[in-house]
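**Q** Here's a sequence, model it:
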Amino acid sequence: MTSTFDAATWGAQLNAVGDDILAGDLSLREESLRRKVAFYLGADGLPVSQTSCEPSEWYPTLVTRMTSVVVAHGRVVVAIDAALPLHSSILDVAFPGAGSTGPMLDITVVDLSRHRRTLHAQIPSHLVVTGTIAVALSPVAARQKSTAQVNRTAIG
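**A** Numbers count the residues shown, from 1 in each chain. The predicted structure is shown next:
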């Protein structure tokens with residue numbers, strides 16, 4: 001079975017082939033196992049180490065390992081071995097190497113900074129701690145402080 005991922009969401013052209021997800025010829029599962037740190041995928045589908053990126057750099061796909069998985073009461077909480085960009089939201093997740101698909105559930109992703117982001121997505125029927133997760137990210141503009149206008153009444 002082969003299926004494709006929307007490049008508008010994921011940034012790079014990804015294809016699911018069997019249980020794995022490929023960016024061109026690059027297996028996300030094998031690359032995740034080979035590396036000790038999380039990596040982004042550039043628009044060309046090539047990996048870029050998260051630790052070598054400047055904070056101002058933006059990549060729409062992060063691939064990392066899961067360090068904890070809890071499935072209970074129709075929800076999934078997944079801790080990952082990476083920090084998500086502070087001003088980002090999660091558009092979608094995929095689980096390279098995890099096998100067949102399961103139900104749609106609320107998934108909360110907890111990063112190394114303990115920041116949480118939740119989405120509703122399909123999960124595999126079996127998730128494994130230390131398994132690979134790919135996260136499609138979208139930038140979110142930083143909230144700007146607004147200065148409230150204060151009207152003062154002069155007395156006297």
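**Q** which residues of this protein fall in strands?
**A** 2-4, 14-17, 20-23, 26-27, 39-41, 47-49, 61-72, 75-80, 88-94, 101-110, 116-124, 132-139 (DSSP state E).
**Q** mean pLDDT for those strands: which is lowest?
**A** Note on those: lowest mean pLDDT is at strand 2-4, with a mean of 62.
**Q** The strands of the chain: which one's closest to residue 33?
**A** In terms of C-beta to C-beta, the element of these nearest to residue 33 is strand 132-139, at 7.5 Å. Bear in mind the C-beta positions are built from the backbone N, C-alpha and C, glycine included.
**Q** Quick one: residues contacting residue 136.
**A** By C-beta atoms under 8 Å, 6 or more residues apart in numbering, residue 136 lies in contact with 5, 9, 10, 11, 60, 61, 90, 91, 92, 93, 94.
**Q** For it, list each beta-bridge partner.
**A** Beta bridges link residue 136 to residue 61, residue 92, judged by DSSP bridges.
**Q** Residue 63 versus that one, what's the distance?
**A** With the distance defined as C-beta to C-beta, to the nearest Å, residue 136 ends up 11 Å from residue 63.
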